[in-house]
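K.L.:
turn this into a structure:
(one chain, ligands or ions: 2)
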Amino acid sequence: MTLNDVSEVMGYAPLLVGVGLAVIAVWALVWAIRYLRADAMTRQSIRQAVRVRRTWKRLAQMLKLCATDRMPTALASLANTEGKPVKPRVLVPTLKVTHDAYGVIARAGCLPGVGLEQYQKAAPHLADAWRCTRVAVTQDEPGSVVIRGVRLDPLKFPTEHRPTGTVPQKAAQWELGVDEYAQPVSVDLRQVPGVTVAGLPGKGKTSLINRLLSDWAPAPWVQFACADGKVSAAYEGDYYAWVKRMFAFVGDDLEEANKLFQRLVDLRRKRSALVLDVLGVKSMWDVGASEKWPLVVLIVDEAHTYFRDHKGSDKRTKELAALAAENARLVEDLVKKGRSVGILVILATQKSTGDAIPTFIRDVCPVGLSFAQKTAEAAVAALGEDIRDWPDANPINLQDPAYVGVASMNHQSQPGFTRIRTPYVPDEYAAEIAHTTKHLTADPADLLPAIDLTKEDPGDDGSTPLAA
Ligand SMILES: Nc1ncnc2c1ncn2[C@@H]1O[C@H](COP(=O)(O)OP(=O)(O)O)[C@@H](O)[C@H]1O
Ligand SMILES: [Mg+2]
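P.N.:
Residues are numbered from 1 along each chain as shown. Ligands and ions are numbered 1, 2, ... in the order given. Below you'll find the model as predicted:
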């Protein structure tokens, strides 16, 4: 290199430094804008994420999440001419940190001897160091783990949901809310014949159903029917706005409800008889719900009204008892045989003990949710015996008013329970959706060709046909 070259390079240096500074300035500006535009919770998370990154190297060593490599690298052996022992190298796991309103999400690399198990053991200490209420470590791919830290308990923060008013992308996907790590929770209700929702009054059962209605109503592939045991007439109740998007609605009258359930059982039988001819398959879910063969959702709110035992020997009481028993039998038919023809029953009640929802119905519902409960027995009745083994998720711990809108869920296909913060949909949003989607309402029975039902009843599970 001649002197000339050097001076030429030196001539560029200010330019290079300038470009470097400009890049740093733009980067800082982007960050500053992001920071300023974020809400207060997210800002805190941004600061938290910076702290997590800055302290990682030291923290990882102290929590024994580093590996020591005693074998010198090839280069180090070559350079080591004096034969002195080469210092072992400390390998610090990589850490990439992102944030959201509730806290940080970090992806940490695994090292020899440091994997999921070691990170999970370190989780409580990470929670202390990072000032998190809760830290969970999961592994979604080999070679790294995801560390989720929530600064705030997502279950304790009421949220609101504004329905989009558009047809949901996935058919029959029920968006429920967020779990204790603020991760979205949804349930696939395809192939699900029944859902039970239990919980003390005023804890969010009806609101949960309101959200489902708000999200699904814009879809042409669904039709709703509702029995609300809390009211005598539609205009009094929680579902007032929704009545125009429902092909049937009844209040607390047992006879009316009985007629509605019978009507749906007739629909079920009709569909069972026709499914192969009309859809060309044995189960509607093989082709999916459609406008011509919509998923029928029957909502039974305050379900105990329709099923509870009436004790007494006078004529009226006996009549009511017979009706309640008949109602239970009809709903059982729907839950047991409705799945393959696209009928879903959602039962909500304050208590889910046997007299509120008969156990023979409850036990065939694969998805169960429970908001707060007063007693351990009620929790077991709502979610099954297993809840005793999962004290953290037990709904008796949800009685604090901060937990209005929080439910514990079990799904037959997974072990354990998930606690979910469900969002609240303000009535005006729901009313708007109901209004703009009312033209989609159709009686699913009218969409089927005429058929004589006196003979056939091919039930879903091949059980004894119902008497006509
Ligand atoms: N997810 C929620 N988040 C915040 N508040 C809620 C939520 N769900 C319900 N609430 C509040 O609780 C009240 C009662 O809810 P509701 O769904 O009618 O209870 P339930 O049907 O269990 O008796 C609502 O009017 C609302 O003020
Ligand atoms: Mg209610």
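
K.L.:
smallest gap between this protein and ligand 2, at which residue?
P.N.:
T206 (3.2 Å; Cβ to the ion). All C-beta atoms are positioned from the backbone trio N, CA, C, and that covers glycine.

K.L.:
what about that residue, which SS state?
P.N.:
helix (DSSP: H, G, I helix; E, B strand; the rest coil).

K.L.:
hang on, G149 in a strand?
P.N.:
Yes - looking at G149 with three-state DSSP, it is inside a strand.

K.L.:
quick check: beta-bridge partners of it?
P.N.:
V104, V135 (DSSP bridges).

K.L.:
so it touches D128, yeah?
P.N.:
No - when contacts are counted by Cβ atoms under 8 Å, G149 is not listed as touching D128 (10.7 Å).

K.L.:
quick one: which of those two has more around it?
P.N.:
Using other Cβ atoms under 10 Å, the more surrounded residue of G149 and D128 is G149, with 28 against 10.

K.L.:
confidence score at that one?
P.N.:
If you check G149, the pLDDT there is 94.

K.L.:
with K455 instead?
P.N.:
Value listed for K455 in the pLDDT field: 57.

K.L.:
in what helix or strand does the nearest residue to A101 once chain neighbours are set aside lie?
P.N.:
Excluding its sequence neighbours, the residue lying closest to A101 (Cβ to Cβ, 6 or more residues apart in numbering) is M41, at 4.3 Å. Per DSSP states H and E: M41 is located in helix 40-62.

K.L.:
work out the gap between the helix or strand that comes right after that helix and the centre of the chain.
P.N.:
Later in the chain than helix 40-62, the nearest helix or strand by DSSP H and E is strand 67-69. In terms of Cα atoms, centre = their mean, to the nearest Å, the centre of strand 67-69 is found 41 Å from the chain centre.

K.L.:
stretch 378-395 too?
P.N.:
18 Å.

K.L.:
tell me where the stretch 251-400 of the chain has strands.
P.N.:
295-301, 343-349, 367-370 (DSSP state E, counting those that start in this stretch).

K.L.:
list the helices and strands the first one packs on?
P.N.:
Okay, so that is strand 295-301. helix 205-216, strand 222-228, helix 254-279, strand 343-349 (3 or more Cβ pairs under 8 Å, 6 or more residues apart in numbering; DSSP states H and E).

K.L.:
ok, now with 7 Å
P.N.:
helix 205-216, strand 222-228, strand 343-349 (3 or more Cβ pairs under 7 Å, 6 or more residues apart in numbering; DSSP states H and E).

K.L.:
show me what from this structure comes close to ligand 2.
P.N.:
205-206 (Cβ under 5 Å from the ion).

K.L.:
quick one: the residue of the chain found nearest ligand 1 and T206, what's the gap?
P.N.:
In the chain, the residue that lies nearest ligand 1 is G405 (2.5 Å; Cβ to the nearest ligand atom). Distance of G405 to T206, computed by Cβ to Cβ, to the nearest Å: 11 Å.

K.L.:
so in the protein, which helix runs the longest?
P.N.:
The single longest helix within the chain, with elements called by DSSP state H, is helix 3-37.
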